[in-house]
Structure formats: C-alpha cells, structure tokens
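S.K.: Give the three-dimensional model of this entry:
(one chain, ligands or ions: 2)
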Amino acid sequence: MTNGATDGAVQEQQVDLVVIGLGPGGEALATACAQAGLEVVAVDKHLVGGECPYYGCIPTKMMVRASDSLAEAGRADELAGDVQVVASWSPVAERIATEATDHWDDQVAVDRLADAGATVVHGTGRLDGVKRVVVTAPDGTETTYATRRGVVLNPGTRPAAPPVSGLEGTPYWTNRDAVQATSVPGSLVVLGGGPIGCELAQVFARFGAQVTVVQHGDRLLAGDEPEASALIAEVFAHEGLRVLTGTSLTEVAHADGTFALTLDDGQVLHADQLLVAAGRTPNLDGIGLETVGLDPSARSIEVDDRMRATGAGQGPVEGLWVVGDVTGKGAYTHVSMYQSAVARRDVLGEDGPAAAYHAVPHATFTDPEIAAVGMTEQQARDAGLSVRTGSTKLQESSRGFTHGPGAQGLVKVVEDAERGVLVGATAAGPGGGEILGFLAVAVHAEVPVETLRSMIYAYPTFHRAIETALADLDA
Ligand SMILES: Cc1cc2nc3c(=O)[nH]c(=O)nc-3n(C[C@H](O)[C@H](O)[C@H](O)COP(=O)(O)OP(=O)(O)OC[C@H]3O[C@@H](n4cnc5c(N)ncnc54)[C@H](O)[C@@H]3O)c2cc1C
Ligand SMILES: NC(=O)c1ccc[n+]([C@@H]2O[C@H](COP(=O)([O-])OP(=O)(O)OC[C@H]3O[C@@H](n4cnc5c(N)ncnc54)[C@H](O)[C@@H]3O)[C@@H](O)[C@H]2O)c1
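M.R.: Numbers count the residues shown, from 1 in each chain. Ligands and ions are numbered 1, 2, ... in the order given. Now for the predicted structure:
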C-alpha cells in the first residue's frame, strides 16, 4: 500500500482493489484476489460475511432444522408409536449464538481474510469518483483509496421498514432480532408472506407461538407458482397458523408489552410480538453512485455479464464491479457467490463463462420446502413462449405413499414446446430443494425433454415424480 498526498486527517492510499461490503460474494472475491497477489482493501461497516451467516440463511436454517425435528416427532405417533417431546427454544438459541455466529462476532472471518493477504477495514465505504473510495472509520477518520484496478460493490440489503403509522419506535422484530430471540413469544404477527415471513412463521408456530401472517398480496410466496402458494397455505392452516391475505397493516401501537395492529378492514390484532418481513431496502443510499455517473436513487445497479456496472443505456463504468442482492438478479447467497466468481475472473483478467440467469434456483425452507428454478408458467407465457406444463402431486407417488404424513408436495415443469426444453420447474415437498438439483441441470443445460423422458428414475424416490410430471406434459 503506498501513501499518496496526505491532507490533515484525510489520508490517501494507492491499492489495487477496494471491496465495499463483505457479503458472501464480496468476502469470497476479496479473498481470492488477495490470494492472487493483488493489494486488496476489504471494507465492511458491520460483520465480515454479511447477512447470510449472522442474520440470514445459516441461523434461520438452524431454526428450521429444529422446528422440523419437532414436526417429525409429531408424525411419529402415526408411524411408530408414542413420542413425547417438550419443545425448548434454548438449544436453538444456543446453537445460533455459539456455533453459527460466535455471538455475532466476526473475528474468525476477519482473520481468515487477513491471512489470505487482504487488509480488512471496519468502516463505511463510499465511491468518490471513478476507481476512488472514501472509507469513514467508526471514530470518524476518513481514508481515501485511489485504486489501480478498481472497486467492487457488495453492500447488500437491510430489512425494509414499511411506512405504517406508529411502527417506528415500537420494539418490533426484523429477521435480525428473530435470530437473536432467547424465547418464543406467546403470540406473533408476521407482516409479509415472502420467504422470510413464511420460514419464520412456521418455525415460531411449531415452537408454540400463536402465529398470524398478514400479507398484502393475494397469496403467500408470490414469486413461486400459485400451486406452491396454495400448498403452503394449506399446510399452514393445518398447523394452526392464521393467514390473512389481501390485507394491509395501517396502524401499530405498543403498550404494556403488547402490540395492537390495525388492519385496513378495521380488524385489530393483538400480539406479544410483531415480525416485519416485508421486503428489503438496498444499501445503496449514500454510497456515492452519483460520483461515477450512476443514479443514486436506483433500487439496483445494472450490470453486464462480467458484473461491470453500467448505467441505464450507457457502457460499463471504468473499474467498477457489482455483486450480490443489489444487482437485482436474485437475492440469494448462491447468486452473490456465482457473481463473485464471474467478477473475480474479470478483475484478474482470466477467461471463463459470462454470467447467465436463465436457471437461477431457489429453495424456501418451509416444510414442505418450496424450490424452483427458471421461469414460472406465467413468466414463460409473458415472455411469449409456447408453453406446455406438466405436474403431479408428491403424495401420489410411491415414495409419497410410503412416507405418509408430511409427504405433501408437487413437481411442476414448464416447457418451451417449440424448443422441447424445460424453461422452469418447481419441486415442493420433503427435500424439495434436493429434488430441484435434477431440474436445475435440465433447465441450465437445456436438456431436451425427450432425453429426460428416456432416462431411468430410481424407485421409489421422490425425484421419480419428475418422470410423472414430464409425462403429464402431453395431457
Ligand atoms: C432471514 C433471511 C434468510 C435468508 N435465507 C436465505 C437462504 O436460505 N438461501 C439463500 O440463498 N439466501 C438467503 N437469504 C438471502 C441472503 O442472505 C443474501 O442474498 C446474501 O446475504 C447475499 O447478499 P449480498 O452478497 O448482496 O450482501 P449481504 O449479505 O447483504 O452483505 C452486505 C455487507 O455489506 C456491508 N455494507 C453495506 N453497505 C456498506 C458500506 N457502505 N460500507 C461498508 N460495508 C457496507 C454490510 O454491513 C454487509 O456486511 C436470506 C436472507 C435473510 C434476511
Ligand atoms: N430460502 C431462501 O432462499 C430465502 C429465505 C429468506 C429470504 N430470502 C431472500 O430474501 C429476500 C427478502 O425476503 P422477504 O421475505 O423479506 O421479502 P419478499 O419481498 O420476498 O417478500 C415480502 C412480502 O411481504 C409483503 N409485504 C410487503 N409490504 C407489506 C405490508 N406493508 N403489509 C403486508 N405485506 C407486505 C409482500 O407482498 C411480499 O410478499 C427474498 O426475496 C429472498 O430473495 C431467501
């Protein structure tokens, strides 16, 4: 690192690369570029690793694993005899605090990145013109970095706070509070029926909370196929969760440890806790986009297939790569990591495949898991494709029949009939995310449907239902 001109408290340093935001993609890219010999400054204002390991995927999947074990124990009655389980949140809270997050301490991640050769800085980064960054340390000191190769942005998102009267100032939860819970509320209202709302609603309900989900759209998991939404609604109803769709929260009050939540139809809900899971706000405010000619009010940054930032209708901004949720290509850890590898190759001048998004997979870890890849039927129709669909219920397969309780699920395939390839698919059920692996290959590699139909599917597996769904394309 070479020091340039210094000006009072403001220092200027020359380095090869600055990474602003160390979510999964930024952390991986900073590590790889440092290992490749670049002088890398890796900046995060909070925890190295980002939302996924501390407040997102990892702690929530530990919660899901625990609540699934309770559900399985409940199913034993029907399958294997009496099982007595007294649910306790303590092992869940303990596992998250000690095994997942190290009590929300990132020292291990900081050391790992430093060992790779990067300089790790805890501070807030912002662009300061092309290939330049200013970092403000927690004590207010500012350092300017002039980079030789450029800057990578991976700032991610934070929980959105919907503009509901009275909400601000109440002790409501977001995902960040929910994963730090040390006990289960007696009653919980979940605002938002997306992946976060659905996963956490089911977890807390299975641990004994009385849960109501308030969703202003007309169905849960609105990004998935309607059949998957209907399945989740049916399971939630069966498990005693209340789901209110087509409803908005208009007013929040909190007194004596209780929330009073007024809905647009005048109904008032009372609950011990409110979890707001109503979408995400990109951390793009104040990051200096205007200093490189980009729109500072944008909700996402346009990127080309090498992850180089492009303004609307303009070419790439020199020396600026963007990865993760703020690219708007799918707010998932695997997308952030995938983009990180594409950007790393471009930064290092290596060859490799360009980014492509026709087969982005996702899995929502409710029970049953709702997993999908590529387009929904509606998206394929909107794209003007000649669409054929096939579907089957998992519980009607041999494996579903033997599995018994907890076997609800479905496989749905969406074919571009003109090309004879799948452009989308859904796998919902036990291990839905695992069944999806097969379908993700089919959509990614555009395997002809006739080839998929000529395969042998192991009996009696859940994934064998794919063969039935493919046969249904002709129906
Ligand atoms: C509850 C929950 C569950 C989830 N479950 C899953 C799941 O099961 N599977 C899945 O694939 N995805 C899941 N996700 C989504 C996943 O967490 C994100 O897609 C993933 O973290 C990738 O985000 P990212 O790389 O854009 O950055 P993030 O993880 O959001 O990290 C961004 C980092 O940038 C830092 N930062 C922001 N601005 C600045 C700045 N100006 N200067 C310095 N640092 C800055 C932040 O402190 C943060 O550390 C879940 C999310 C949530 C909230
Ligand atoms: N398993 C996974 O892969 C996983 C799990 C959790 C989150 N994630 C990622 O994180 C992202 C964010 O998740 P999310 O669930 O917060 O967001 P989301 O945007 O997917 O869903 C939020 C839901 O809240 C509803 N909503 C918004 N404002 C509302 C209001 N005022 N009243 C009632 N309902 C309202 C919306 O209609 C929407 O259905 C997801 O899109 C996903 O990419 C992934």
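
S.K.: if you average pLDDT over stretch 248-255, what comes out?
M.R.: In this model, stretch 248-255 has an average pLDDT of 97.

S.K.: That one near ligand 2 at all?
M.R.: Yes: on the criterion C-beta under 6 Å from any ligand atom, stretch 248-255 is in touch with ligand 2 at 248-249. To be clear about C-beta, it is placed using only N, CA and C from the backbone, and glycine gets the same treatment.

S.K.: And the helices in the stretch 51-200 of the chain?
M.R.: Per DSSP state H, counting those that start in this stretch, the stretch 51-200 of the chain carries helices over the ranges 51-55, 57-80, 90-94, 107-115, 175-178, 195-206.

S.K.: Export those as TSV, with columns for mean pLDDT and mean neighbour count.
M.R.: Output for the helices of the stretch 51-200 of the chain, formatted as TSV (pLDDT from 0 to 100; neighbours: other C-beta atoms under 10 Å):
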stretch	mean pLDDT	mean neighbour count
helix 51-55	98	23
helix 57-80	97	16
helix 90-94	98	15
helix 107-115	98	16
helix 175-178	98	19
helix 195-206	98	25
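
S.K.: Just put these in a markdown table and tack on distance to His334.
M.R.: Conversion of those to a markdown table gives the following (distance: least, C-beta to C-beta, whole Å):
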| stretch | distance to His334 |
| --- | --- |
| helix 51-55 | 10 |
| helix 57-80 | 10 |
| helix 90-94 | 25 |
| helix 107-115 | 19 |
| helix 175-178 | 18 |
| helix 195-206 | 14 |
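
S.K.: Ligand 2 is nearest to which of those helices?
M.R.: Using C-beta to the nearest ligand atom as the criterion, the shortest distance between ligand 2 and those is 3.5 Å, found for helix 195-206.

S.K.: what mean pLDDT does stretch 288-297 have?
M.R.: Averaging the model's pLDDT scores along stretch 288-297 yields 96.

S.K.: Show me what counts as buried in that stretch.
M.R.: Across stretch 288-297, burial judged by 16 or more other C-beta atoms under 10 Å covers 288-289, 291-292, 294.

S.K.: Ok, stretch 391-406 next?
M.R.: The neighbour-count check on stretch 391-406 (16+ other C-beta under 10 Å) flags 391-395, 397, 399-400, 403, 406 as buried.

S.K.: now swap in stretch 378-393 and tell me
M.R.: Quick answer for stretch 378-393 (16+ other C-beta under 10 Å): 379-380, 385, 387-393.

S.K.: same thing with stretch 443-450?
M.R.: Within stretch 443-450, the residues scored as buried using 16+ other C-beta under 10 Å are 443-444, 447, 449.

S.K.: what do you get for stretch 173-191?
M.R.: Going by neighbour count (16+ other C-beta under 10 Å), the buried part of stretch 173-191 is 173-175, 178-181, 184-185, 187-191.

S.K.: Mind checking which of those residues land in strands?
M.R.: 187-191 (DSSP state E).

S.K.: now those residues in JSON lines, with distance to Val121?
M.R.: Written out in JSON lines, the entries for those read as follows (distance: C-beta to C-beta, whole Å):
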{"residue": "Ser187", "distance to Val121": "43"}
{"residue": "Leu188", "distance to Val121": "38"}
{"residue": "Val189", "distance to Val121": "40"}
{"residue": "Val190", "distance to Val121": "37"}
{"residue": "Leu191", "distance to Val121": "36"}
